[in-house]
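Asker: Sequence first, predicted coordinates after that:
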Amino acid sequence: MKHKTTEALVEYWNAVRGDRPAPRRSEIEPRDIKRILPHVFILERQDQWTYKFRLAGTGLCNAYGTEFRRQNMASLWHDECRTNMTHILNDVTGSAAAGLLEYTAETAEGRQVTFEMVLLPLAQDNGSLTRIIGAAVPLEHHHWLGDHMLTNQWIDRIQLIEPSQLPKSPAAALAARIARQSPPRIVPGPATLAARRERMGAERPYLRLIRDNGINVDKVREH
């Protein structure tokens, strides 16, 4: 992993799960990871092709210049990228592995930014793995990011990581360290975003903030 945000989420998830395949959704404490919450999202598996956003942090929405409203994560990609994304989502919930992606997103004007995304399984109280907690964060800062919608994206690198390969630390110690770290840069949404909402509604949305009971992402091109 290249970014502290994705690394922090993986370390926290790994500490909370202990020796189990995955932690329960109810064990994830938003206050423990409040510094990185703006870039965190939660997906809900409905079937092997459908993983809908239940939450998408404001930092991620601002970076894309739009919001997500119960979008299917797999539908944000096309052709081989969609196939690869569907496979890794199913691997995460099917084998409790951690998914790591590096991908490029592009504006209609051709501006590009690289993101790192991590995907981690969450268990229901009955043990079934039907949720994924993840984070997606840009690896570079661009002054235009958030002022231009990201309308096209493709996967550059994709990897599955066995949880047994991840080092463990006490969850409390990790939460304290995350709280001490400087929060990731939040890209402010443009002041004109609300005024452009009607025009943006005609374009394909990528992210929307969904509140989830208090807990205020080889090169294949997308067409």
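Answerer: Here it is on my side, so go on. Residues are numbered from 1 along each chain as shown.

Asker: all strands in the chain, in order from the N-terminus.
Answerer: 40-47, 50-56, 98-107, 112-123, 129-138, 150-161 (DSSP state E).

Asker: A22: which of these is closest?
Answerer: strand 112-123 (4.1 Å; Cβ to Cβ). In short, each C-beta sits where N, CA and C put it, glycine included.

Asker: what about that closest one, average pLDDT?
Answerer: Throughout strand 112-123, pLDDT has a mean value of 95.

Asker: what inclination does that strand have with respect to strand 98-107?
Answerer: Angle, strand 112-123 to strand 98-107, by axes from the mean of the first three to the mean of the last three Cα atoms, to 10 degrees: 150 degrees.

Asker: wait, doesn't R20 sit right on A123?
Answerer: Yes: between R20 and A123 there is a contact under Cβ atoms under 8 Å: 7.5 Å.

Asker: Of the strands of the chain, which is nearest R70?
Answerer: Here strand 50-56 is closest among those (Cβ to Cβ), at 5.1 Å.

Asker: what about this protein, any weak spots by pLDDT?
Answerer: Applying pLDDT under 70 to the chain flags the ranges 167-223.

Asker: rerun that using 90 as the cut-off
Answerer: Counting by pLDDT under 90, the chain contains low-confidence ranges at 1-3, 18-21, 30-31, 34, 58-71, 75-79, 107-108, 125-127, 139-152, 161-223.

Asker: distance of E140 from V92?
Answerer: The gap separating E140 from V92 is 26 Å, by Cβ to Cβ, to the nearest Å.

Asker: When R20 and A123 are compared, which one has more neighbours?
Answerer: Between R20 and A123, counting by other Cβ atoms under 10 Å, A123 is the more crowded of the two (21 against 13).
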